[in-house]
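**Q** sequence and computational prediction follow.
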Amino acid sequence: MKKQFTFSAGPMSDGEAITGSFNEVSQPAGPFAIAHADTAHFDTAHFDTAGTTRRAFVAGSASFFGLAVASPMAFADELSLDEALSPRVLGQSDAPIHVAEYYSMTCGHCADFHNNTFPKVKARLIDEGIVRFEMRPFPLDGLALRAHALARAVPESKFFAMVKMLLAKHAVWVRAEDPIAELQKMARLAGVNADIFNAVMRNRPLLEGLVAQRQIGIDKWGVSSTPSFVVNDDLLISGNKNYDDFAEALSAFGA
């Protein structure tokens, strides 16, 4: 039976503050602390990893990013924890090259790669069946962790559009005086209403799962910065690259 996480509303000031020191995931306290409003707190009484919950979304107007929905119920009314944490992949399953990017939503270099290099990667390598591209979370701070959670809370078919919007508007919400409030504005464009947004921000099972995926990148691949790219479970490429340098790094695999 799949674990489910519940999008339930409740007082944001209850529970314990997120510091990155989770019960099941060992992390240093500093990177995941967040001091914006009371979204840094969890109300664990509202978390249910066994049952399902129905949720309605408010339709937004983000057609430019491919996030516009036909109706508030266009999003799935149930979302399991397993589904939310499942791989997010673009490209053909039989592509000869698999690239897994570890990225952080608050990383300026990641935003630059996705705004300037990734469109060419998609057009020339992914769409042509050469590369299968996976995005793996590597949040560098508490704000990034919550942005990753938001992207995982929309339907899988809208994930890449959500990431595209968040990274395209990176400077707007990351540098804002109240970045959580700006992040919520981004969520509204995707049709995520306030109750759902607030619940996602403090959904402990989801947040812990994302941190666990980050830790795999550290333990298995030695990822220490973003963006970093694991190619065919072998080569680790670190740092922001222009298209020519990125393609050259993949050339040994036939790109």
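**A** Cool, the structure landed.
**Q** isn't residue 88 right up against residue 156?
**A** Yes: with the criterion set as Cβ atoms under 8 Å, residue 88 and residue 156 qualify as a contacting pair; they are 6.9 Å apart. In short, each C-beta sits where N, CA and C put it, glycine included.
**Q** now do residue 213, the pLDDT please.
**A** Reported pLDDT at residue 213 in the predicted model: 98.
**Q** wait, is it part of a helix?
**A** Yes: remark: residue 213 belongs to a helix, assigned using DSSP: H, G, I helix; E, B strand; the rest coil.
**Q** ok, and the closest non-adjacent residue to it?
**A** On the basis of Cβ to Cβ, 6 or more residues apart in numbering, the spatially nearest residue to residue 213 that is not a chain neighbour turns out to be residue 137, at 5.4 Å.
**Q** what sits against that neighbour?
**A** Taking Cβ atoms under 8 Å, 6 or more residues apart in numbering as the contact definition, residue 137 lies against 102-104, 148, 152, 210, 213-214.
**Q** what's the pLDDT at it?
**A** What the model reports for residue 137 is a pLDDT of 99.
**Q** now it: how far from residue 253?
**A** 24 Å (Cβ to Cβ, to the nearest Å).
**Q** for residue 253, what are phi and psi?
**A** The phi/psi pair for residue 253 (degrees, to the nearest 10) reads phi -100, psi 10.
**Q** quick one, what contacts it?
**A** Neighbours of residue 253 in contact, by Cβ under 8 Å, 6+ apart: 96-97, 231-232, 235.
**Q** can I get those in TSV with distance to residue 168?
**A** Rendered in TSV, the data for these read as follows (distance: Cβ to Cβ, whole Å):
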residue	distance to residue 168
96	30
97	26
231	25
232	29
235	28
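**Q** tell me if I am right that residue 171 is in a helix.
**A** Yes: under three-state DSSP, residue 171 sits within a helix.
**Q** any idea how far residue 144 is from it?
**A** Between residue 171 and residue 144 the computed distance is 14 Å (Cβ to Cβ).
**Q** cool, residue 159 as well?
**A** Using Cβ to Cβ, one gets 16 Å for the distance from residue 159 to residue 144.
**Q** of these two, which one has the most company?
**A** Set side by side, residue 159 and residue 144 give different neighbour counts by other Cβ atoms under 10 Å, the larger being at residue 144 (25 against 19).
**Q** contacting residues around the more buried one?
**A** Going by Cβ under 8 Å, 6+ apart, residue 144 touches 104-107.
**Q** now do residue 254
**A** Residue 254 makes contacts with 96-97, 130, as judged by Cβ under 8 Å, 6+ apart.
**Q** quick one, helices of the protein?
**A** The residue ranges that make up the helices of the chain, judged by DSSP state H, are 81-84, 108-112, 118-121, 142-153, 159-168, 170-174, 179-189, 194-201, 204-221, 243-250.
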